[in-house]
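Trainee: got a sequence here, can you build the structure:
(chains A and B)
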Protein chains: 2
Amino acid sequence: MTIASRQLANAIRALAMDAVQAANSGHPGMPMGMADVATELFTKHLKYDPAQPRWADRDRFVLSAGHGSMLIYALLHLTGYARPTIEDIRNFRQLHSPCAGHPENFELAGVEATTGPLGSGLATAVGMAIAERHLNASFGTDLVDHHTWVIAGDGCLMEGINHEAIGLAGHLKLGRLIVLWDDNRITIDGAVSLSSSEDVLARYAATGWHTVSCDGHDPDSINTALEAAKADPRPSIVQCTTVIGYGAPNKQGTSATHGAALGVDEVAAARGYLGWTAEPFVIPEDIKAAWAEAGHRGTATRSAWEARLVASKDRAEFERRMAGALPAGFSLDAYIKELAANPQKVATRKASEMALGPINEQLPETVGGSADLTGSNNTKTKGQAPLTAEDYAGRYIYYGIREFGMGCAMNGLALHGGVIPYGGTFMVFSDYCRPAIRLSALQQQRVVYVMTHDSIGLGEDGPTHQPVEHLMSLRAMPNLDVYRPCDAIETAECWQLALEKADGPSLLALSREGLPQVRTDISENFSAKGAYRLKAAEATRKVVLIASGSEVEIALATAKKLEEAGHGADVVSMPSWERFDAQPESYRDAILPEGVLLVSIEAGTTMGWERYVGRKGLRFGVDGFGASAPVKALYDHFGLTADKLAPRIIGALAN
Amino acid sequence: MTIASRQLANAIRALAMDAVQAANSGHPGMPMGMADVATELFTKHLKYDPAQPRWADRDRFVLSAGHGSMLIYALLHLTGYARPTIEDIRNFRQLHSPCAGHPENFELAGVEATTGPLGSGLATAVGMAIAERHLNASFGTDLVDHHTWVIAGDGCLMEGINHEAIGLAGHLKLGRLIVLWDDNRITIDGAVSLSSSEDVLARYAATGWHTVSCDGHDPDSINTALEAAKADPRPSIVQCTTVIGYGAPNKQGTSATHGAALGVDEVAAARGYLGWTAEPFVIPEDIKAAWAEAGHRGTATRSAWEARLVASKDRAEFERRMAGALPAGFSLDAYIKELAANPQKVATRKASEMALGPINEQLPETVGGSADLTGSNNTKTKGQAPLTAEDYAGRYIYYGIREFGMGCAMNGLALHGGVIPYGGTFMVFSDYCRPAIRLSALQQQRVVYVMTHDSIGLGEDGPTHQPVEHLMSLRAMPNLDVYRPCDAIETAECWQLALEKADGPSLLALSREGLPQVRTDISENFSAKGAYRLKAAEATRKVVLIASGSEVEIALATAKKLEEAGHGADVVSMPSWERFDAQPESYRDAILPEGVLLVSIEAGTTMGWERYVGRKGLRFGVDGFGASAPVKALYDHFGLTADKLAPRIIGALAN
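Mentor: Residues are numbered from 1 along each chain as shown, chains lettered A, B, ... in the order given. Below you'll find the predicted structure:
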């Protein structure tokens, strides 16, 4: 390669400033500032092959500072990925362009993670790095042996998720994780010193990280630092001292380059400053060729790896796992039959643990965990050894008190491939990891959230621990399947559905308190329909009671009282809104017919239940905060008992 | 005091283990482990007066490790607060007892913050410490001169919020903030070393904190450390090495003491171990007297302070501000009149900045800020100087990229009193600070969240930045008023309502894009009704279009097309669900009558709008994730234009 690194980097700068200028929207500062570092990484260190972007043993690269999306679009284009084309880049930030405002994993191969919400990319990378070590332990260095690289900005480092992510990474000694910190000393509001005074490297060192610094515009300095990072057994942070918007002579080094087009004049001035004479979106042939050559660096390595894979006894299993296919014959039917034969009263969190027995036995790809609530979330099954720095083959992660970190790590585990992650916390703390849940959904990843203690039914811990609005808030999230099973059989069914959904996350809302087994018919997975008639009216049907989870038992008891009073009442168990809404109208109308009183019973906010009971239906639930008391006292206090509900329903029927 | 510190501490231990045992629920380990530290704090260092628990210049004490609630209940009882009584403590965790599972600020004077969600208490204390310095700068040391103390556990320190909180505190050099870290090396899952390897003190030092250690069971060691903490100009963390469940001979030092009653036998064994012979819930007279004496330590100091207040020229203003009363005559009427006279097209985020002009001028108690999006959130008004370590009198906080930290700090500012905090971020990042918003609501605090870029209308930044489910998710939260104004006049009205709500938070969802001024009638604050008829049908009314925020403009354009086609259409602007639901039924029925087609138009999830349009109404919105494109292209793509909506509505009318 005879082209100087700086010229290669200037190709990135030119594409970044031109694309942002054309869109009149975007963030040129970061790509221009980190162009030199990224150039060294992609031309000398990163293991990848644009011709086979899904190569399982490629290094993973995550642009945690996702606003600098033009950096990765430029890199993928220049190194020879099929997309983005130069046309895609010209259409940066336009409808249907894969070059979206922030990098989206579902738009472009080579974009390993959707980033933009600050800090979450770095935390996702931690999950990828865990997956790498875990699969290395399972399949050996011949098949799995790669690094995970991150570019992160000051925003990523200031966010709380940063603390959770690096704490986990340091503890697990993820030496193949390398964070390149774009230390440009600028945030949107101005200098970093406006809002922060910390010694970042000292903080990382305190958390078990290796730290090293470089001049982010000096290739030798960069390469020395990157080599040191690769050599150290600890996870590494590389402080790259850079100038934001490097090359824009009148604006570089200021927040003016961060989030807006430079302007025609400044783009022209930058061309002069950088000695870049090519037209917008044109890369000179020699520079193009040098980048293409860099893009072929991995070909031989990838071929050799493929030969090893072909020769491996583990090939079929490795390919199955990386493809995310469940093993043929995976089934919970035998377990469910056993349940039906031996009905028992258990909390659904316990039922989840029971279901995880056969699941973890049949699926070697599951990696469970909890944010320090293992015994409460019932997420660990017998035989699951902890995944530790000493034994990455373990299949259970003690995530610590890091709900958001756990969620992001699970996203990384899923994005890496070869692993199906699940993890638990209390339902109320879904708020703590909500941004991670949203990223699971947006990134279309199979992550299973095990959220226990799912209502006032948790009792004495009181309002800080009692979810009220959470169920509804999570149902509102696109592409997330929320399940609230009512007994052990539904819990198993919901687990089955969650595992079978390869293109999105699921969330199980589970009870702390014991629930009777109310399902007897196991002829099919009724939870798959989202809602179904659990009990048909005996007298002429006047009421349909719709309930989920722990309130199904109460609905059944209420129906009994209604029948005793001569009012026929169906009971519909509705474990999943999303699945019910996906049923044909005829089915939905049959379950929730017109001309009867529709009643919802759920120990959470009633806002939203109008969807099924209409403006005139009755909605029973909890619309304020909970309270601290034993569970029975709380259900009585909030009026959610058959004794209190039946008269109100009968009263409504009389009107 | 002739009673040894250890005996005083044992009174706490006895109450904690007895109360948890009686409830058969709770967390004895932390109160027993930290009893010695808490005893030294409450008998020698903390400035307070149980007879005047709302004394404005008291030290603030926050039990961030809120599960150890029996610690504070015991302390408040023993030092002589009116509540909790011993009867209250006997009813620990029972319905209507103020001794709830976790400490609730609205249950007991002396509980300064609701805690339990880990880390948030510490972050709230940061806000209290900011308030103290700010008011000190405004009113002088005679009136404001106190410390903020925190007890935090490993959970608080592992949570991401810890990083944000201590980063802010270190940066602002909050030397009067002292965190007592209960270093018991135990979490729920077992040893801290299962999930964390960090050097906590080194991390705090890296963030600008003073660090000191003590033996948490040795009074001299504790007092030496606390004195050092008070003497240092930086915020301090005191590592208190303790044994969790100290005194329970067979369980101490293990997670078995954390979250469950010790059991009758172990309680008996602990009595023996501690030499505590009194019956459950009985405190020996000499120990009771010694505690009562400690509770009187602050009387003289408080009296002297009151004398200074009485003599102060600032007394009236100080009392007004601490009482949270707005100044007599506070009004935005003149500003709104001006708006009405000069209609303009502005983004509601800009309208919010405009409203903040007269607000910040009239209300010296507002303290604004943004999580590093000042220019985007439009939260800073001219003349607002930054609040910095060099000038605590400033009224604008550069919170940095710390949304959750900002939310908690605002809660602390509000809980301290004397300040009305508001702060901004992008609406989509309401997810990042959602646990803080929930705590604003639960704690009934006047905090105003300024959430801009409130829909796909933000355009090119794409799905990671476009809120979809957020509005609905926030509406589901109890005691939070969510406002989505449609123009500059509604924005001012909503600000007025937010400021007038002294007992809860408000959230303003504001547009990035310019919106025309559609309100002409300023005879009253129509936003106060939550929804109102903005435009009445001209032809016979067949349709009512309900919209909020940026979609009101679209609803008006759609109505025009409907009228042109002969279909009379009302347009209802609905800035606030909560306020509309609070109107009399007659008003609600008049606005949303039966027998017409009800249609909702809002650029967010349509789930939930059945509340107003019923099961058969039309709901237009965005039910999947957004996309990256210019705003006009997006509204067209998602079908939210008059051209696309009108035919669909006309089609529905024909059916």
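Trainee: hey, let's count contacts and neighbours off CA atoms from now on
Mentor: Will do.
Trainee: does the closest residue in space to A:A165 that isn't next to it in sequence count as helix, strand or coil?
Mentor: Of all residues not flanking A:A165 in the chain, A:A123 sits nearest, at 4.8 Å (Cα to Cα, 6 or more residues apart in numbering or on different chains). On the three-state scheme (DSSP: H, G, I helix; E, B strand; the rest coil), A:A123 is labelled helix.
Trainee: same check, this time on A:M451
Mentor: Applying three-state DSSP: A:M451 is strand.
Trainee: then A:C156?
Mentor: helix.
Trainee: for the closest residue to it other than its chain neighbours, give its distance to B:G400.
Mentor: Leaving aside its sequence neighbours, A:C156 sits nearest to A:G119 (Cα to Cα, 6+ apart; 3.8 Å). Distance of A:G119 to B:G400, computed by Cα to Cα, to the nearest Å: 13 Å.
Trainee: report the set of residues contacting both of the two.
Mentor: The overlap between the contact sets of A:G119 and B:G400 (Cα atoms under 8 Å, 6 or more residues apart in numbering or on different chains) consists of A:M158.
Trainee: tell me which residues in the helix or strand encompassing A:A555 are buried?
Mentor: Taking DSSP states H and E as the criterion, A:A555 maps to helix A:551-564. Neighbour-count burial for helix A:551-564, counted by 16 or more other Cα atoms under 10 Å in any protein chain shown, picks out A:551-563.
Trainee: residues contacting the residue nearest to A:C156?
Mentor: A:S64, A:A65, A:A152, A:G155, A:C156, A:L157, A:M158, A:E159, A:G160, A:I161, A:N162.
Trainee: okay if I get these as CSV plus pLDDT and neighbour count?
Mentor: Below are the contacts of A:G119 laid out as CSV (pLDDT from 0 to 100; neighbours: other Cα atoms under 10 Å in any protein chain shown):
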residue, pLDDT, neighbour count
A:S64, 98, 32
A:A65, 98, 28
A:A152, 98, 25
A:G155, 96, 23
A:C156, 98, 27
A:L157, 98, 20
A:M158, 98, 25
A:E159, 98, 26
A:G160, 98, 30
A:I161, 98, 32
A:N162, 98, 25
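Trainee: tell me the one of those nearest B:S440?
Mentor: Closest approach to B:S440 among the contacts of A:G119 (Cα to Cα): A:G160, at 19.2 Å.
Trainee: I'd say the closest one and B:I161 touch.
Mentor: Yes - counting by Cα atoms under 8 Å, A:G160 does reach B:I161; the two are 5.1 Å apart.
Trainee: wait, does stretch A:244-255 contact chain B?
Mentor: No - applying Cα under 8 Å from any Cα of the partner chain, one finds stretch A:244-255 separated from chain B by no less than 11.2 Å.
Trainee: for that stretch, the averaged confidence score.
Mentor: Averaged across stretch A:244-255, pLDDT comes to 97.
Trainee: how far does that stretch sit from the chain's center?
Mentor: 34 Å (Cα atoms, centre = their mean, to the nearest Å).
Trainee: quick check: buried residues in it?
Mentor: Result for stretch A:244-255 [16+ other Cα under 10 Å]: buried residues A:I244, A:G245, A:Y246, A:G247, A:A248, A:P249, A:K251, A:Q252, A:G253, A:T254, A:S255.
Trainee: quick one: contacts for the fourth one?
Mentor: When contacts are counted by Cα under 8 Å, 6+ apart, A:G247 is found next to A:R13, A:M32, A:A270, A:R271, A:Y273, A:L274.
Trainee: in a helix, the first one, correct?
Mentor: Spelled out, it's A:R13. Yes - counting by three-state DSSP, A:R13 is located in a helix.
Trainee: so it sits against A:M30, correct?
Mentor: No - in this structure A:R13 lies outside contact range of A:M30 using Cα under 8 Å: 9.6 Å.
Trainee: so the two - more neighbours on which side?
Mentor: A:R13 (32 against 28; other Cα atoms under 10 Å in any protein chain shown).
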